[in-house]
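Visitor: one predicted model, sequence on top.
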Amino acid sequence: MVQDYLDKHMLARRIEDAVNAAVRAKTPDPLLFISNHMRKSVQLVITKVKARRILDGRGVPTVEVELFTNKGVFRASAPAAAASGLYAHSCNSIIIVVVHPCEILEWILVE
């Protein structure tokens with residue numbers, strides 16, 4: 001049972017690669033090095049996307065997005081545009097355009 005698990009996830013190979021990398025690097029803390037090496041080998045997986053309307057420092061509506069992954073939660077907000085011209089849109093219409101694709105993206109990416 002244990003051997004099947006090791007084979008299924010190729011753990012012996014991955015651990016051997018991490019140990020070899022630690023030896024080549026001549027690291028003073030091999031456990032820390034191996035831990036970081038293994039963490040880097042894990043592929044980033046998006047599990048959830050949240051978008052919400054917020055107010056910037058001037059009180060202008062803008063959008064903030066939270067991206068949930070297996071490696072952590074990442075948050076970013078877009079500054080409210082100060083553009084004025086033929087292709088400028090109000091922040092309210094931009095928020096509607098951004099929020100709906102995020103909902104669709106969440107539906108597609110979350111298993």
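Guide: Happy to help now that I have it.
Visitor: report pLDDT for S84.
Guide: Turning to S84, the model gives it a pLDDT of 51.
Visitor: do a quick rundown of the helices in this protein.
Guide: The residue ranges that make up the helices of the chain, judged by DSSP state H, are 2-8, 11-25, 30-40, 91-109.
Visitor: report the distance from the shortest one to the chain centre.
Guide: A distance of 29 Å separates the C-alpha centroid of helix 2-8 from that of its chain, computed with CA atoms, centre = their mean, to the nearest Å.
Visitor: do stretch 10-25 as well
Guide: With CA atoms, centre = their mean, you get 26 Å for stretch 10-25.
Visitor: now do stretch 3-22
Guide: With CA atoms, centre = their mean, you get 25 Å for stretch 3-22.
Visitor: for that stretch, measure first residue to last.
Guide: Terminal residues of stretch 3-22 lie 25 Å apart, using CA to CA, to the nearest Å.
Visitor: can you point out the buried residues in that stretch?
Guide: Buried residues in stretch 3-22, counted by 16 or more other CB atoms under 10 Å: 18, 22. C-beta: built from backbone N, CA, C; applies to glycine.
Visitor: please apply the same query to stretch 35-46.
Guide: Quick answer for stretch 35-46 (16+ other CB under 10 Å): H37.
Visitor: surely S41 and R14 touch.
Guide: Yes - using CB atoms under 8 Å, S41 makes contact with R14 at a distance of 6.6 Å.
Visitor: quick revisit: worst mean pLDDT among the helices of the chain?
Guide: helix 91-109 (a mean of 53).
Visitor: for the spatially most central residue of the chain, what are its contacts?
Guide: Nearest to the mean C-alpha position of the chain, counting by CA atoms, centre = their mean, stands T69 at 4.7 Å. Counting by CB atoms under 8 Å, 6 or more residues apart in numbering, T69 touches 44-47.
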